[in-house]
Structure formats: C-alpha cells, structure tokens
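Quick one, structure for this:
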Amino acid sequence: MKKEEIQEWILKYIKDKLNIQEVDLTQTFLSIGFYGKVARDFCHKLSSWLKIEISPVLLWEFTDINSLCEHLVNGRQKKYKVTKKKKNDEDIAIIGISCSLPAGITNIDQFWDLLSNGKESISKNIRWDNSQIKTNTEYGHFLDKIDTFDAEFFSIPTRTAEEMDPQHRLLLENTMHAFEDAAIRLLA
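Purely as a prediction, here's the structure:
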C-alpha cells in the first residue's frame with residue numbers, strides 16, 4: 001500500500017466522520033479531534049481497511065497524518081534490536097510527582113501519611129446500589145471526585161470529556177499536577 005493511498009483514506013475519514021473539509025497533513029490528530037471514541041473508531045476502521053492491527057496508542061506516537069502513514073508504509077518493516085542494559089549505579093532524581101488514590105489522597109504527602117501511619121484506604125461503596133446488581137461488594141478502594149474533570153482547562157469539548165475513559169482523565173490531571181510539582185510551567 002502506498003503512503004498517498006493511506007493519506008487519502010484518512011482525509012476521507014476526517015471529511016466524512018468529523019465534517020472537516022481541509023486538513024493539513026502535519027496537523028496533530030489531537031487538534032483535529034481524534035480522542036476517545038473517535039480515535040478508537042478511526043483505528044478500528046483503518047485496521048479493517050489495511051487488514052492489520054492498529055492501536056489508538058499509535059496516534060500518540062505518530063501524532064500527525066504524515067508520520068502515521070510513514071510508519072504504516074515503512075516503519076512496520078523495521079526490526080528493533082533488543083539490547084541488554086548494563087548495570088547502572090547512578091542516582092536518579094524525581095523532580096515532579098503526583099497521585100490520585102483512594103481515601104481522598106491527592107498528593108504524595110497524604111500518601112506517605114497513609115503508609116507511615118498504617119491507615120486504611122478502604123471505604124464504603126457509594127458508586128452503585130448493591131441491591132440493583134448482583135454483587136456483594138460493600139467496601140473497596142474508591143477514588144473521590146472522579147466526576148470533576150476540568151475539560152475546559154485541557155481544551156477538550158465537554159461532550160468528548162464525558163465520553164473519555166475516566167483513567168485517561170485521571171492521567172491528564174495527574175500529569176499536569178506532576179509538572180506543577182516540578183515547578184514546570186506548561187501554560188502561559
């Protein structure tokens with residue numbers, strides 16, 4: 001399959017599914033609107049058309065149409081040499097850290113307090129009514145405030161944010177908090 005044929009298929013998909021008429025081949029998939037269901041649907045349909053397995057993760061590695069097509073045409077034939085790492089005794093530095101854990105833990109100090117004081121993070125189930133489903137899960141490790149994602153901050157449309165996997169939302173938030181913890185300013 002030629003690179004131009006794949007590019008043409010992708011541009012047609014964007015025109016038909018996202019109703020976007022003009023797209024620059026170097027524009028990122030994210031800026032076009034490829035996240036959540038759209039990314040999964042795109043990869044599924046492209047996989048079916050090319051008859052190869054394509055994971056949505058590729059859209060994060062090859063972030064625009066050009067680089068994805070280049071990879072699909074040329075990159076898949078490359079063999080990656082596995083090398084054994086040598087023992088490295090160098091110290092590492094953690095410059096930014098973040099977490100979202102049960103029991104309302106939203107930073108590393110709270111997590112350390114939980115561990116060092118032998119506290120429990122188990123709480124009563126408040127997510128679903130056990131009488132409505134067949135389960136006997138009354139207690140568990142539940143994250144707080146999973147419905148408070150700030151989609152506007154990340155420039156994600158509200159509807160798309162609602163369709164996103166909650167784990168993706170948590171990853172975005174925690175990544176941002178880790179940068180903040182490291183005193184790295186991403187937004188001016």
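
Distance-wise, check the residue positioned nearest the centre of the chain relative to residue 36.
Geometric centre of the chain, nearest residue: residue 168, 4.3 Å, by C-alpha atoms, centre = their mean. Using C-beta to C-beta, to the nearest Å, residue 168 is found at 8 Å from residue 36. Every residue, glycine included, has its C-beta placed from N, CA and C.

can you list the domain ranges for the protein.
When the chain is parsed with automatic domain parsing, its domains come out as 3-77, 108-181.

for residue 35, what are its contacts?
156, 160, 164, 168 (C-beta atoms under 8 Å, 6 or more residues apart in numbering).

The first one: how many residues sit nearby?
Each residue near residue 156 was counted by other C-beta atoms under 10 Å, and the total is 21.

now it: how far from residue 38?
Separation of residue 156 from residue 38 (C-beta to C-beta): 12 Å.

Equivalent analysis for the second one, please.
Spatial separation of residue 160 from residue 38 under the definition C-beta to C-beta is 8 Å.

any idea how far residue 53 lies from residue 65?
Counting by C-beta to C-beta - residue 53 and residue 65 are separated by 19 Å.

who's more crowded, these two?
The residue with more neighbours, out of residue 53 and residue 65, is residue 65; 22 against 8, by other C-beta under 10 Å.

Quick check: the more buried one vs residue 74, distance?
15 Å.

Low-confidence ranges, this structure, go.
76-89, 130, 133-136, 187-188 (pLDDT under 70).

any chance you could map the strands in this protein?
In the chain, strands defined by DSSP state E lie at 123-124, 139-140, listed in chain order.

for these, which one sits closest to residue 7?
Closest approach to residue 7 among the strands of the chain (C-beta to C-beta): strand 139-140, 47.3 Å.

What pairs with the closest one, parallel or antiparallel?
strand 123-124 (antiparallel) (DSSP bridges).

From residue 67, how far out is residue 151?
Distance of residue 151 to residue 67, computed by C-beta to C-beta: 27 Å.

ah, wrong one, I meant residue 91
Distance from residue 91 to residue 67, by C-beta to C-beta: 35 Å.

So which of those two has more stuff around it?
residue 67 (17 against 5).

Give me the distance between the more buried one and residue 58.
10 Å.

Then residue 97?
According to C-beta to C-beta, residue 97 stands 28 Å off from residue 58.

Residue 166 now?
Taking C-beta to C-beta as the measure, residue 166 and residue 58 are separated by 22 Å.

same deal with residue 18?
Going from residue 18 to residue 58 by C-beta to C-beta gives 18 Å.
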